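Enquirer: sequence plus the predicted model coming up.
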Amino acid sequence: MTHSPTDPASGKAPATPAGAPLPPTTPPHPTTVAPDQEAASRQPDTAQNPTRPDGTPAGPGPQVAGSQTAGDEPRPGLAMPPADGTEPLVVVENLRKVYRTGPKEVVALRDVSFTAHPGELIAIRGRSGSGKTTLLNLVGGLDRPDGGTVTVAGYPVTRMPESRLLELRRDVIGFVFQSFGLIPVLSAAENVGVPMRLARTAAAERDERVRTLLAMVGLEKHMNQRPYELSGGQQQRVAVARALANRPRLLVADEPTGQLDSQTGRQIMQLLRAVVRSEGVTALVATHDPNLITLADRVLELHDGAFVPATPTAPQPA
């Protein structure tokens, strides 16, 4: 699998009520920042008739931290149900996806179901073409299924309008892709800060979060370097930091080690393992590398679009 999902969201993104926000997260796709930024600037004012993503009236809630300067006010976010470790964060039921080219049909997913709990790292294993990327696209709201449902943090992903999916990806889900997706002209620190700029986070808070995240991934001494000055492993570390910028509840990583050598790939997987513990996020990681599977809490194996019993993998040295 060598491609990363693209973001189909388009059109105007209605603002959610300022009284019911959530700390925001990464843009829908690391390499498509400009469309989201443009959509954000065109958001109409719905303050007179606020609703939640499911269409119900929104009530008051705590304010999210935002800029204190004129013209850079806090961007409203989704109202998030409180985290409860006993309830699954992700619920996928009977998910089905069919790709059609003329009269030809390819069934990419066949009635796939699973749950993922807070703080769990799940590896989704399978050969190229098994349906891993399709599954992550659907869970992350980057594509629509032909059947079944996806719920993330209480939100019905498969029934939400595109405008609310944009907010879900910004506020709730962080994405890491095989191709890194960094903006070449920006430094490591500036790349990590992009999602927070889109969310209109206060400059002081944004700068502190950037420093914290780059230190977490071991790049505090490389803050001012641009992507071409970094190794592949370092670029992917920046991508992980960026995915965590707005404190997501779910981290979706599609072949995050696909362009790295085995040693660097294992280091990135160990970083994801540490991030799940320190940040308390749920992580879904697609990989075909059996050496990385042992770092996961659970393994789901896809074969021709359906789950099969996971093949045992011998433990690898840390």
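Expert: The structure has been received and is ready for your questions. Residues are numbered from 1 along each chain as shown.
Enquirer: how far does stretch 142-159 sit from the chain's center?
Expert: 14 Å (Cα atoms, centre = their mean, to the nearest Å).
Enquirer: what residues of that stretch count as buried?
Expert: 142-143, 145, 148-155, 157-158 (16 or more other Cβ atoms under 10 Å). Heads up, the C-betas are built off the backbone N, CA and C, glycines and all.
Enquirer: which regions of this structure sit below the pLDDT cut-off?
Expert: 1-85, 311-318 (pLDDT under 70).
Enquirer: strands of that one, residue ranges please.
Expert: Using DSSP state E, the strands assigned to the chain run over residues 90-101, 104-116, 121-125, 147-152, 155-156, 173-177, 250-254, 282-287, 298-303, 306-308.
Enquirer: adding distance to P227, write those out as TSV.
Expert: Written out in TSV, the entries for the strands of the chain read as follows (distance: least, Cβ to Cβ, whole Å):
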stretch	distance to P227
strand 90-101	31
strand 104-116	31
strand 121-125	26
strand 147-152	30
strand 155-156	33
strand 173-177	14
strand 250-254	18
strand 282-287	22
strand 298-303	31
strand 306-308	36
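Enquirer: those: which one's closest to L219?
Expert: Closest of these to L219 is strand 173-177, at 14.9 Å (criterion: Cβ to Cβ).
Enquirer: just the C-alphas of the closest one, formatted as PDB.
Expert: Extracted in PDB, the C-alpha atoms of strand 173-177 (Å, rounded to 0.1, in the frame of the first residue of the first chain):
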ATOM      1  CA  ILE A 173      -9.000  12.200  15.000                       C
ATOM      2  CA  GLY A 174      -5.300  12.600  14.200                       C
ATOM      3  CA  PHE A 175      -3.800  11.100  11.000                       C
ATOM      4  CA  VAL A 176      -0.400   9.700  10.200                       C
ATOM      5  CA  PHE A 177       0.400   8.600   6.700                       C
END
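Enquirer: what's the angle from that strand to strand 282-287?
Expert: Following axes from the mean of the first three to the mean of the last three Cα atoms, to 10 degrees, one obtains 20 degrees for the angle between strand 173-177 and strand 282-287.
Enquirer: returning to that earlier point: of the strands of the chain, which approaches R266 most closely?
Expert: Across these (criterion: Cβ to Cβ), the nearest stretch is strand 282-287, sitting at 11.0 Å.
Enquirer: elements contacting the closest one?
Expert: strand 121-125, helix 132-139, strand 250-254, helix 262-279 (3 or more Cβ pairs under 8 Å, 6 or more residues apart in numbering; DSSP states H and E).
Enquirer: format the ones you listed as a markdown table; extra columns: distance to G193 and mean neighbour count.
Expert: Below are the helices and strands packed on strand 282-287 laid out as a markdown table (distance: least, Cβ to Cβ, whole Å; neighbours: other Cβ atoms under 10 Å):
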| stretch | distance to G193 | mean neighbour count |
| --- | --- | --- |
| strand 121-125 | 26 | 23 |
| helix 132-139 | 25 | 25 |
| strand 250-254 | 18 | 26 |
| helix 262-279 | 17 | 17 |
